[in-house]
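> using only what follows, build the 3D model:
(chains A, B and C)
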Amino acid sequence: MLQTSFFNRDACLVAQQLLGKIIFRQYQGHWLAARIIETEAYYLGDKGSHASLGFTEKRKALFMPAGTIYKYYARGKDSLNVSCRGEGNAVLIKSAYPYAGPGQLTDSDALPAEIKLMQQLNPASSGGVRPLEKLCSGQTLLCQSLNLKVDEWDQQQFDATCFYFAGNEETPEKIIQTTRLGIPAGRDEYLLYRFIDYDYARFCTSNPLTKRNWLERKHYRII
DNA sequence: CCAAAGATGCGCT
DNA sequence: GCGCATCTTTGGG
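Modelled structure (predicted):
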């Protein structure tokens, strides 16, 4: 389990080092799991952040010690963040990919019970089964798949018995660094605070590599 | 109390 | 890639 000291560092560094880490979530006797593939960093002083709007009870977790979980409603659905070093700074877990041990799972595999549970928790809008690539591809979709609710987790700490992040010290070989999503013009929208695991870019919310008219160095860079 | 905006996601083009 | 449905929070009146 990642300790609070992991989060007690610069938010952009934490965001990058979270890539490749695994989220573990206890549900009905099973450990649901997903690999983090996309993150965003937010700072008190950047106008895209919730913290920059000032302290309210809802935003309190952003001002609590590093490693505190901040959950809020994004367009009415649950979203997962963790506070970092410096009051008001945090990382947003933007998307993940279903995890069931080493190697990349595909829809053609016989899916483990844990993955099927995640598909039950987060069915397609049609009511059908959501393919793996769409199961955790979004900050609220991820929370839905892992049964992570605002009411239960906002302002809480990670808990080794039911919800935590884990993984080795390695970050992916290649990381895509680009702009955050959903930030209006004039709100520091140009900041390159979004990070994507290169090898999983096709599963993230919006893939810089395949975006029309997007160029390396101009709109994103590989680090 | 209500209008407006928001760290979105879906469906269709 | 774009429009819009959805629902919570916020802030002004």
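> report whether whichever strand in chain A runs longest contacts DNA strand B.
Longest among the strand segments of chain A by residue count, using DSSP state E, is strand A:30-42. Yes: on the criterion CB under 7 Å from any atom of the strand, strand A:30-42 is in touch with DNA strand B at A:Glu40, A:Tyr42. Where C-beta positions appear, they are placed from N, C-alpha and C, glycine not excepted.
> number of residues surrounding A:Thr106?
Applying other CB atoms under 10 Å, we find 10 residues neighbouring A:Thr106.
> quick check, it in a helix?
No: under the criterion used here (DSSP: H, G, I helix; E, B strand; the rest coil), A:Thr106 is coil, not part of a helix.
> residues touching it, list them.
Listed by CB atoms under 8 Å, 6 or more residues apart in numbering, the contact partners of A:Thr106 are A:Leu132.
> go on, A:Ser206?
Contacts here follow CB under 8 Å, 6+ apart; on that basis A:Ser206 touches A:Leu181.
> for stretch A:72-84, which outside residues touch it?
Residues from elsewhere that reach stretch A:72-84, judged by CB under 8 Å, 6+ apart: A:7-11, A:14, A:41-42, A:50, A:58-59, A:61-71, A:89-93, A:139-140, A:142-144, A:148-150, A:153-154.
> list the buried residues of it.
A:Tyr72, A:Ala74, A:Asp78, A:Ser79, A:Leu80, A:Asn81, A:Val82, A:Ser83, A:Cys84 (16 or more other CB atoms under 10 Å).
> ranges for the strands of chain A?
Along chain A, the segments classed as strands by DSSP E run A:22-27, A:30-42, A:69-74, A:77-83, A:90-98, A:163-166, A:175-178, A:194-197, A:220-222.
> who does the fifth one touch, helix- and strand-wise?
Looking back up the chat, that one is strand A:90-98. helix A:11-18, strand A:30-42, strand A:77-83, helix A:132-135, helix A:139-145 (3 or more CB pairs under 8 Å, 6 or more residues apart in numbering; DSSP states H and E).
> let's have these in a markdown table, adding mean pLDDT and distance to DNA strand C.
Formatted as a markdown table, the helices and strands packed on strand A:90-98 follow (pLDDT from 0 to 100; distance: least, CB to the nearest atom of the strand, whole Å):
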| stretch | mean pLDDT | distance to DNA strand C |
| --- | --- | --- |
| helix A:11-18 | 97 | 20 |
| strand A:30-42 | 97 | 15 |
| strand A:77-83 | 97 | 7 |
| helix A:132-135 | 96 | 13 |
| helix A:139-145 | 98 | 10 |
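> JSON lines for those, including distance to A:Leu111?
JSON lines is the format used below for those (distance: least, CB to CB, whole Å):
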{"stretch": "helix A:11-18", "distance to A:Leu111": "25"}
{"stretch": "strand A:30-42", "distance to A:Leu111": "12"}
{"stretch": "strand A:77-83", "distance to A:Leu111": "23"}
{"stretch": "helix A:132-135", "distance to A:Leu111": "8"}
{"stretch": "helix A:139-145", "distance to A:Leu111": "13"}
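> and those: which comes nearest A:Pro123?
Counting by CB to CB, A:Pro123 lies closest to helix A:139-145 out of the helices and strands packed on strand A:90-98; the figure is 9.1 Å.
> on that earlier part again, DNA strand B next: which of the buried residues of stretch A:72-84 are close?
A:Ala74, A:Ser79, A:Asn81.
> circling back to that earlier point, now, the most widely separated pair of the buried residues of stretch A:72-84?
Across the buried residues of stretch A:72-84 (CB to CB), the longest gap, 20.0 Å, separates A:Asp78 and A:Cys84.
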